[in-house]
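Enquirer: sequence first, predicted coordinates after that:
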Amino acid sequence: MASHAEKKLTPSRILIYATLLLACVAYLIPVFIMIITSFKTTGDIRSGNLMSFPEVWSVDAWIKAWSSACTGVQCNGVSGFFWNSIKMAVPAVLISTALGAINGYVLAKWRFRGSDIFFSLLLFGCFLPFQVILLPMAATLGKMGLANTTTGLVIVHVVYGVAFTTLFFRNFYVGVPDALIKAARLDGAGFVTIFVRILLPMSVPIIMVCIIWQFTQIWNDFLFGVVFASGDSQPITVGLNNLVNTSTGVKEYNVDMAAAMIAALPTLVVYVLAGKYFIRGLTSGAVKG
Amino acid sequence: MAQLQLKGIRKTYGNAVQETLKGIDINIESGEFLILVGPSGCGKSTLMNSIAGLETVTEGSILIDGRDVTHAEPKDRDIAMVFQSYALYPTMTVRENIAFGLKIRRMPKEEIDAEVARVAKLLQIEPLLDRKPSQLSGGQQQRVAMGRALARRPKLYLFDEPLSNLDAKLRVEMRTEIKRLHQRLGTTIVYVTHDQIEAMTLADRIAVIKDGELLQLGSPKEIYERPSCRYVASFIGSPAMSFIPLKVERDGGNLRASLRSADDDQMYVPLPEKLAAYEGKEIHLGIRPEHITQPLAHKAGQEATSSGKFRIEVTEPTGPDVMALIRINDTEVHCRLDPDHTVDPGEPAELMIDLSRAIYFEAGKEARIDV
Amino acid sequence: MAQLQLKGIRKTYGNAVQETLKGIDINIESGEFLILVGPSGCGKSTLMNSIAGLETVTEGSILIDGRDVTHAEPKDRDIAMVFQSYALYPTMTVRENIAFGLKIRRMPKEEIDAEVARVAKLLQIEPLLDRKPSQLSGGQQQRVAMGRALARRPKLYLFDEPLSNLDAKLRVEMRTEIKRLHQRLGTTIVYVTHDQIEAMTLADRIAVIKDGELLQLGSPKEIYERPSCRYVASFIGSPAMSFIPLKVERDGGNLRASLRSADDDQMYVPLPEKLAAYEGKEIHLGIRPEHITQPLAHKAGQEATSSGKFRIEVTEPTGPDVMALIRINDTEVHCRLDPDHTVDPGEPAELMIDLSRAIYFEAGKEARIDV
Amino acid sequence: GQVEVLHWWTSGGEAKAMGVLKEMMEEQGHTWKDFAVAGGGGEAAMTVLKTRAVSGNPPAAAQIKGHDIQEWAKLGFLTNLDDVAKEEKWDQVLPPIVSDIMKYEGHYVAVPVNVHRVNWLWVNPDVFKKVGVEVPHTWDEFFEVADKIKAAGIIPLAHGGQAWQDATVFEAVALAELGPKDYTAAFVNHDMDVLSGPKMVEALTKFHKIRDYIDPNAVGRDWNVATKMVINGDAAMQIMGDWAKGEFTAADKVAGKDYECVPAPGTEGSFTFNIDSLAMFKLNNEANEKAQMDLARTILRPKFQTIFNKAKGSIPVRTDVDMASFDDCAKASMKAFKATAENGGLVPSMAHGMATTSAVQGQIFDVITNFFNTKDADPEATAKQLASAVQSAL
Amino acid sequence: MAHSGVVSETTSQPARGRLTQRLQQWLPKLALAPTAAMALVGIYGFMFWTGVLSFTGSTFLPSYEFVGFDQYVRLFGNARWLTACTNLAIFGFLFIFCCLAIGCFLAILLDQRIRNEGVIRTIYLYPLALSMIVTGTVWQWILNPSLGLEKLMHDWGWTSFQFDWLTNPNMVIYTIVIAAVWQASGFVMALFLAGLRGIDPAIINAARVDGASLPRIYLRIVLPSMRPVFFSSVMVLAHIAIKSFDLVMAMTSGGPGYASDLPAMFMYSFTFTRGQMGLGAASSIMMLAMLLAILVPYLYSELRGQRNG
Ligand SMILES: Nc1ncnc2c1ncn2[C@@H]1O[C@H](COP(=O)(O)OP(=O)(O)OP(=O)(O)O)[C@@H](O)[C@H]1O
Ligand SMILES: Nc1ncnc2c1ncn2[C@@H]1O[C@H](COP(=O)(O)OP(=O)(O)OP(=O)(O)O)[C@@H](O)[C@H]1O
Ligand SMILES: [Mg+2]
Ligand SMILES: [Mg+2]
């Protein structure tokens, strides 16, 4: 890419950078507020305004949010919930992404009679308000003996995540020339080999998008977490909710914000890591015409 | 080494109005080298894809060694194919592209390496083995596509215009390699090309397809010298055969016809006796450029040759020859001259017409008159 | 109509070790038809892309009508290009593909329609206008790619192997159309082709490139008859020129050399006096297939021709001719025979060698000896 | 055994009090599994509870109150506590109006935890002193005083614009206008005539007028933020249940000195109650059942009642608890509780789900909150709407 | 119809003999089976169940005494439901439109070989990392006249500045749009960026030679081939729009009054807090029906369009 990288700074490029930076500012202001708030002391919050910097930068709120803030009767901060979330999110993301990739592959490259209808029906699942399925899902999980287990929660997330992952992958694979699949089939590759050896290597950007989406959704999910997880396997959102809704005395906005930032950290890490793989031009040059 | 039978293959694309293949029947013998030719869009690639199992045929059946594979998976047909569009795996290096089919077949690592090296050498792509397809030139990509097929030892090779983007020199070399390969392995080959020389020199038989129909199937010589119809006659050979309308006359005992040059000079050429039935009627004379030349001493005086003066309208030197355009009976006619024999456009020149290989058509009809 | 100057163009791809273009200097006159030829991977497409502004050159400058456009945007260069890989817009129909460049230029709707219709007719793709590229055959796609360029009236046309996937018949027609277009509009054209006939018949001048270097730039006749070096000589012409090693001897007043057939028959051929400096040394004689033929009466007795018996090793009928391989001085030599003149592989035949167009090289050197 | 308790007592004092209960249970050799779902006045917790029940493993005890207890019992989810009740003589120590709510078909199924008085007016005396006005006892006085306070640049009434807070204020106005009898007729027995009657129109009119005395930013404000405004002197008064006391306490304010609690205007002789309770679910593990019974027992023990209610600001449900250690407001509340229980001024809070089903309550909320947030709303039409809304949910 | 797929019908002909071959043919369908099972139960089973409930008089928990269309009649007699639907229409449209426009625009800008692309991309994306509850809280602060922007402007001396949408029943829904767009547009950007990275540069080159300016290339060449990405984005955004429950909850709790109510909130509160499960079920069925009306034509045209794309 080096040959292209050295673009001169023309006025139009300056404009592009300016626009991008402006957008950055717009996206950053709220988190800026959160961050400075989390470093303020309670007194600071009362005296200054939203945008003012803390008088003294204090990390107490972060420490408290992590290890000693009260979430109900326990006062152990959100750290415990944090690990619960990881235990739930990682398998759920991986399973739903894997399923979505396979589904997308079949729906884009191995169509059969009714596959489009199957896809539409699956897509429709994206629009089910999740509140609708709480009770029947609870009953089903109860019957399977998975009520209030992490496994149950993972299943729930997979069931309602797979529609999206399928959508992402299917729409990505539609753009891959069929000729490649044909060539591989002639080379003797079967269903699985084509997928693993030909398509997966070129799916990196969409895998990343998918992981970003799924991880965010699952990590930030409150409803399923609160309903389908029992006391000591509750995810961080439930902890955060309990922490924030502790409604007595002075509302500790700094602790709330610190907790919110802690809750968001893993997702941010995923973004940074996943983002690396948005490289240009993975499908180019394969097929002419 | 496999026998391939195509029985009444018909194919209509899902969203198309017209049938693309309209019942193709070909028996390809084991070890035969069949070349498909036909105008652009006539259905050659479609037929290849059908043989490979990449398109389902709408009707008809495909047999390999007598086994019906019409509905078999491509990978169960044991076929290697070079795609017209290359279809290289973009994420793999050249080496991986070539090795892929072998890996799938669980060939041991060392053998794969050896095979890749062999193929790369043959195709002169050794320095490129570690590049991605997007970093290759068009011709290099095409050679990798070839390499992918040549690395394997299938029952049947399908080549869809495998050399179209190579330079003439390389193409000759590749052609020789393919021929050698065929002779050595005796693998059945179906090959699409637009290159006449390739078709003539490689093929055991040539199949001429037009609009999804098989027009003629025969040896290169047959196709070239005894085309079954006007279309085949005009399609094979470049520049194409010229068709001169003429009237069959009888002069004394012999049939003859008059050829009129642009300057209204007349000359008479003898016609074969078999055309007697057309006496007084107009027929078309099909003659190839290489049969209208500058006067050749060694042919002069032969029965079928005659000479006349024709005005040269356009000349095109091609290197070994000069192609010229003249006008006979108000029809443009191509002829092939020796570059040493200077002719000037616009000037009349003495030309010799050799009718020994000429063929004849009824006016307005496709079929050739058997003489 | 524009003059195009390439000055010392060098190009190294970002991640490549080697330079792809190593300083190309060409002045292309306004209205000139320049054809680039060269082996696969020599840098032709790279040069085309650089002219179009799609690749930045590492060094050197490009001038159009004297204006330096080295860093100008492609859209400001007023160029139309046919890509080797077609690069059709996949979401647009054929019609939209062709019309796109015109719409961009705000041509009125009716004019666009008329233009699309004209181009479609010319390229014989009228029934395909409403299809998407993915529904076309390879040759049809290539014609659309042509159509996209031909619809426009730029200063400069760049054609990168525009006819490679067309059948011979269509290719001849297209060639004629391009020639006509060029004559009518006088637009400057740079054209890449691997087809010798195309190169010979279309070009005003041919540039032979190898490994990113310009080997020779000259008229087709020059390139064919007076190649500057051994590589050009061997590259142009198909089958290629044969190089026969021989020893310059003096026999009386005349220079001569002996040619030895596979059966050890000897014959002597006269050499031009200019080779006197090489007396007693080995030189290489370059001779094209069409100059070794069956005995031709009209040439017999000419100064530069001699005859001899050679064993025919392989014959390849190509239709109009039969290409044969013989062995002279232990070197394989191609010759071109008349199909009427029956020769059998393995049998000796009387052949005539015409040295009037032969060229000579010092043994082991590239450059041609001027005679 | 193990007790799992679903509750939303997560705020500081409450949580501490629950901690005490946990300790008491652990002392008896049980394990305590805390299942706190904070927020939204228990909305999330109810959702969780329902799904847990449906999936077949409900917690041992859950914070359920008012009418919902009957619903759960009707569906057969709740266990019978009669044995414990007899042993502990609940019938003797609980006022009938409380124990009625805890019983389904005559059997105890839930344990009351506390009694809240909802119709309090919280006052910042400094503000009143500064402006020079007296604490209002009727709505007319209220408007008079509020005008002056407003003129002094202080927000007369601290309020949070959430449906239940709107309803809390409305309930106080309605109680004052309708009187306990009609209040009960309207909100417990759903008498359409009363609901759409002239008194209701008057109540609505007054209620709407209150809009003028709250600040425009009240929308969405949490109640404790509103209380904070009173504490800080940004606002003069707040109508809120006695849980507001916790905020004052947390700010180191002393009842009677730094703040005053008086009955909401016009409701001196009445007591709008809001009782928290824990309903006990049927379990299928004996050890856990034992723990469950011990939990029920412990909750009503005076020791827990005292600790919990002091923390929560409410008063014990047992009338026999020693109130000496409670603050003035609690004492006043207890006094009023006992008195109104006698004279019929004790009414269930509509805004807190004690008066009617959640369906009806919801419909009333919708009408009230929409009315309150519409600038030129028509009280008469709204009264009719109220009646029909209630009708539709029956 | 399905011929642009590599395989067309495999059903028509019985597999010849060998089991493995038959397995091969069934493999694609087999691969879909887990998802199909999950969808069948988790989506359609439950949807059916909800449908059944909507015809019952269920109150507190499901019960099965059927009452016909009563719940639907009630639903449409409910003023709050109508407000919620109107809000969803406004919110859904504006939200989807703004996200697409902004996301697409930023993705295109980011595609111009920008230095530090990774950092900028993460900045655009991070709002998605925050749970909607947090987003709602922060935006509530910012938009709250007495805390946020307005106060800030006043503090900075611009005293006439007024921005009270959050407390204005007529405008409050737009504040939710702002917050939601802020949160989701970054993800749309990522989706588009991934799509842009898959486009064959040769096609862009062709357009450049055709004389198209950069904006034009994107508009005419790149975006049309991003149809599948648009499709994905619209689906994702519609999903978020319907799910914005948490956001509304945290920002306005549906207020002032119920001016910012959305159908999902309506459904939730009737089903779970107000003990009118039948009505709640009816409202969710109506929600689905409305979606169906919008979605089905879109799905149809998309899926058809992509076949020959
Ligand atoms: N993106 C790239 N990165 C690195 N090397 C490249 C890249 N593109 C082309 N090359 C190399 O540059 C050389 C010239 O390529 P180019 O495409 O110009 O060849 P060409 O003359 O057009 O050949 P052909 O006739 O096969 O199309 C080739 O050796 C090729 O491998
Ligand atoms: N996917 C498709 N849908 C509809 N029609 C198609 C499709 N693919 C090809 N066709 C049409 O079928 C016909 C035959 O196409 P095919 O690719 O077999 O031609 P071909 O003989 O290989 O031509 P060429 O020499 O140009 O490659 C063409 O007219 C083409 O337009
Ligand atoms: Mg083809
Ligand atoms: Mg090239």
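Expert: Now that the structure is in, tell me what you want to look at. Ligands and ions are numbered 1, 2, ... in the order given.
Enquirer: now check the lengthiest helix in chain B, is it near chain C?
Expert: Across chain B, the longest stretch assigned as helix under DSSP state H is helix B:168-185. Yes: judged by Cβ under 8 Å from any Cβ of the partner chain, helix B:168-185 and chain C are in contact via B:A168, B:K169, B:L170, B:R171, B:V172. The C-beta positions use only the backbone N, C-alpha and C, and glycine is treated the same way.
Enquirer: mind checking how far the third one is from C:G41?
Expert: Distance of B:L170 to C:G41, computed by Cβ to Cβ, to the nearest Å: 10 Å.
Enquirer: and the residue of the stretch 1-150 of chain A nearest ligand 2?
Expert: A:R111 (13.8 Å; Cβ to the nearest ligand atom).
Enquirer: how many neighbours does that residue have?
Expert: 23 (other Cβ atoms under 10 Å in any protein chain shown).
Enquirer: same check on D:E87?
Expert: D:E87: 11 neighbours (other Cβ under 10 Å).
Enquirer: got the contact list for the spatially closest residue to it that is not a sequence neighbour?
Expert: Excluding its sequence neighbours, the residue lying closest to D:E87 (Cβ to Cβ, 6 or more residues apart in numbering or on different chains) is D:R297, at 7.5 Å. Contacts for D:R297 (Cβ atoms under 8 Å, 6 or more residues apart in numbering or on different chains) come out as D:V84, D:E87, D:E88.
Enquirer: who wins for neighbours among the residues of helix B:168-185 next to chain C?
Expert: Most neighbours among the residues of helix B:168-185 next to chain C, by other Cβ under 10 Å: B:A168, with 24 neighbours.
Enquirer: how about that one, nearest residue that isn't a chain neighbour?
Expert: Per Cβ to Cβ, 6+ apart, closest to B:A168 is C:S238, 4.3 Å.
Enquirer: pLDDT (mean, whole number) over stretch B:86-103?
Expert: Taken as a whole, stretch B:86-103 carries a mean pLDDT of 90.
Enquirer: residue numbers of the stretch 51-200 of chain E in contact with chain D?
Expert: By Cβ under 8 Å from any Cβ, the residues of the stretch 51-200 of chain E that approach chain D are E:59-61, E:74, E:77-80, E:140, E:144-146, E:164, E:166-167, E:169, E:172.
Enquirer: one step back: please identify which of the residues of helix B:168-185 next to chain C is nearest to D:M46.
Expert: For the residues of helix B:168-185 next to chain C, the residue nearest D:M46 by Cβ to Cβ is B:L170; the value is 78.6 Å.
Enquirer: surely that closest one and C:P39 touch.
Expert: Yes: when contacts are counted by Cβ atoms under 8 Å, B:L170 is listed as touching C:P39 (6.3 Å).
Enquirer: can you check the pLDDT for the residue in the stretch 51-200 of chain E that chain A sits nearest to?
Expert: Residue nearest to chain A within the stretch 51-200 of chain E: E:A129 (3.5 Å; Cβ to the nearest Cβ). Looking at E:A129, its pLDDT stands at 82.
Enquirer: so how far is chain C from it?
Expert: 34 Å (Cβ to the nearest Cβ, to the nearest Å).
Enquirer: just give me the neighbour total for that residue.
Expert: 27.
Enquirer: with adjacent residues omitted, what lies nearest to it?
Expert: A:T267 (3.5 Å).
Enquirer: host element of that neighbour?
Expert: For A:T267, the host element (DSSP states H and E) is helix A:253-275.
Enquirer: list the buried residues of that helix.
Expert: A:253-264, A:266-268, A:270-271, A:274-275 (16 or more other Cβ atoms under 10 Å in any protein chain shown).
Enquirer: what is it packed up against?
Expert: The helices and strands touching helix A:253-275, judged by 3 or more Cβ pairs under 8 Å, 6 or more residues apart in numbering or on different chains; DSSP states H and E, are helix A:11-38, helix A:42-47, helix A:60-63, helix A:79-109, helix A:204-220, helix A:236-244, helix E:117-125, helix E:132-143.
Enquirer: ranking the ones you listed by mean pLDDT, which is last?
Expert: helix A:42-47 (a mean of 71).
Enquirer: ok, D:V127 - contacts?
Expert: Contacts of D:V127 (Cβ under 8 Å, 6+ apart): D:I149, D:I154, D:G233, D:A235, D:A236.
Enquirer: any idea how far stretch D:77-91 is from the chain center?
Expert: Relative to the chain's own centre, stretch D:77-91 is displaced by 24 Å; criterion: Cα atoms, centre = their mean, to the nearest Å.
Enquirer: closest point of the stretch 201-350 of chain D to ligand 3, which residue?
Expert: Nearest to ligand 3, among the residues of the stretch 201-350 of chain D, is D:G220, at 66.9 Å (Cβ to the ion).
Enquirer: do the stretch 151-300 of chain E as well
Expert: The nearest approach of the stretch 151-300 of chain E to ligand 3 comes at E:A202, 19.6 Å away (Cβ to the ion).
Enquirer: that residue: neighbour count?
Expert: 19.
Enquirer: that one belongs to a strand?
Expert: No: checked against DSSP: H, G, I helix; E, B strand; the rest coil, E:A202 lies outside a strand; its state is helix.
Enquirer: that one and B:P108, how far apart?
Expert: E:A202 is 38 Å from B:P108, by Cβ to Cβ.
Enquirer: which stretches of chain E form strands?
Expert: Using DSSP state E, chain E contains no strands.
Enquirer: go on, the stretch 1-150 of chain B?
Expert: Remark: strands assigned in the stretch 1-150 of chain B by DSSP state E, counting those that start in this stretch are B:4-11, B:21-28, B:33-37, B:59-64, B:67-68, B:79-82.
Enquirer: partner strands of the fourth one and their direction?
Expert: Yep, that's strand B:59-64 we're talking about. Partner strands and pairing direction for strand B:59-64 (DSSP bridges) are strand B:4-11 (antiparallel), strand B:67-68 (antiparallel).
Enquirer: many thanks, have a good one.
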